[in-house]
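Engineer: Here is the input, now give the coordinates:
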Amino acid sequence: MSDMYQTADWKKEKHAPVIEAPEKVKKDELITVKLSVGKEIPHPNTTEHHIRWIRLYFLPKGKKFAYELGVAEFNAHGESTKGPNTGPAWTEPQAMFTFKLTESGTLIGTSFCNIHGLWKSEKEIEVEE
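Structural biologist: Below is the predicted model:
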C-alpha cells in the first residue's frame, strides 16, 4: 500500500501537488496555504485527462494520525452534450485553505489524476509560540 501514492519534484512532474505555505507560523495564527497541480508544468485539463481532486492534510510531529484540512473537487473539464472538450467550463486544480495550527508538523498534499492515479507531496511547517 505504500506505493499507492506517487511522488516527484513538482518542478519536473505535472501531477505532483504544490504546497505553497510559510515555513514558520505563530501558534493559533490564521494561515492560508495554496495547494495546486501544474505550477511549473501545466497539467492537461481535458475531458479525457484531468485532475479530479486535491486534498490537504496536517500530520503533527511525532504523531501517527493526520488531520484532513480540506478537499477541493474539480468537476468541469470541457464536457458537453456536443462531445468531449466542447463545453463552456474548465476548472483548474488549485485551492486555498485557511486554518490555525498549535503544533509543528507536516503538510501533506494529495491529488488524483483520472489517468495517472494518486500523487503526494509534503512540506514541513514549524509552529512558534
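
Engineer: Now residue 120: which helix or strand?
Structural biologist: For residue 120, the host element (DSSP states H and E) is strand 117-128.

Engineer: Buried ones in that strand, by neighbour count?
Structural biologist: In terms of neighbour count (16 or more other CB atoms under 10 Å), strand 117-128 has its buried residues at 119, 120, 121, 123, 125, 127. Quick note: C-beta positions are derived from backbone N, CA and C, even for glycine.

Engineer: likewise stretch 72-92?
Structural biologist: Buried-residue list, stretch 72-92, by 16+ other CB under 10 Å: 72, 74, 77, 78, 79.

Engineer: Between those, which sits nearest residue 31?
Structural biologist: Proximity of those to residue 31 (CB to CB) peaks at residue 72, which lies at 17.1 Å.

Engineer: And for the closest one, nearest residue in space, chain neighbours not counted?
Structural biologist: residue 95 (3.6 Å; CB to CB, 6 or more residues apart in numbering).

Engineer: One more: residue 44?
Structural biologist: Residue 44's closest residue in space is residue 50 (CB to CB, 6+ apart), at 6.8 Å.

Engineer: ok, now residue 123?
Structural biologist: Leaving aside its sequence neighbours, residue 123 sits nearest to residue 19 (CB to CB, 6+ apart; 4.4 Å).

Engineer: For the residue lying farthest from the centre of the chain, which three-state class applies?
Structural biologist: Largest separation from the mean C-alpha position in the chain: residue 82, at 31.0 Å (CA atoms, centre = their mean). Under DSSP: H, G, I helix; E, B strand; the rest coil, residue 82 falls in the coil class.

Engineer: who's in contact with it?
Structural biologist: Not one residue lies near residue 82 by CB atoms under 8 Å, 6 or more residues apart in numbering.

Engineer: can you give me the end-to-end distance of stretch 35-54?
Structural biologist: 8 Å (CA to CA, to the nearest Å).

Engineer: quick one on the thing from earlier: per-residue pLDDT, the residue farthest from the centre of the chain?
Structural biologist: For residue 82, the pLDDT comes out at 95.
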